[in-house]
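**Student:** Build me a model from this:
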Amino acid sequence: MYPSVINVVVGENYVLSVDFDNGECGTLDMKPFLDFGVFQRLKNPNVFKQVRVAFDTIEWNSGVDLDPEFVYSKCRGNKNAPDPNGFCGSI
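**Tutor:** Below you'll find the predicted structure:
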């Protein structure tokens, strides 16, 4: 079982800051995926900024969502220190 996403913040250049319910947080660089399949919908910066937490993972209004295992595995190698409120906050 992988931790649930509890917060996501959009950074610059298609990077997301992600907080998990186990207290960990990290960054997810989406640039390498934007040329493939449904992820091409996210190339528009205004569409990308419409990210939100839903069903313990990340999704966009355009219908794109990410597997929670994928999100956690990509963020584990890019850990951030949480702010005093317990969130990574911003990138």
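
**Student:** use CA for all of it now, contacts and neighbours both
**Tutor:** Will do.

**Student:** is Ala54 in a bridge, and if so with what?
**Tutor:** Beta-bridge pairing for Ala54 (DSSP bridges): Thr57.

**Student:** I'd like to know how many residues surround it.
**Tutor:** For Ala54, the neighbour count with other CA atoms under 10 Å is 14.

**Student:** just Val10 next, same as before
**Tutor:** Val10, neighbours per other CA under 10 Å, totals 20.

**Student:** Surely it and Leu16 touch.
**Tutor:** Yes. Judged on CA atoms under 8 Å, Val10 makes contact with Leu16 at a distance of 4.8 Å.

**Student:** Val71 versus Asp29, what's the distance?
**Tutor:** The span separating Asp29 from Val71 equals 10 Å under the rule CA to CA, to the nearest Å.

**Student:** Restricting to C-alpha, output stretch 31-38 in PDB.
**Tutor:** C-alpha atoms of stretch 31-38 as PDB (Å, rounded to 0.1, in the frame of the first residue of the first chain):
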ATOM      1  CA  LYS A  31       8.200  17.200 -18.500                       C
ATOM      2  CA  PRO A  32       9.400  13.700 -19.600                       C
ATOM      3  CA  PHE A  33       5.800  12.500 -20.000                       C
ATOM      4  CA  LEU A  34       4.200  15.400 -21.800                       C
ATOM      5  CA  ASP A  35       4.800  14.000 -25.300                       C
ATOM      6  CA  PHE A  36       3.000  10.700 -24.700                       C
ATOM      7  CA  GLY A  37      -0.700   9.800 -25.000                       C
ATOM      8  CA  VAL A  38      -3.200  11.600 -22.800                       C
END
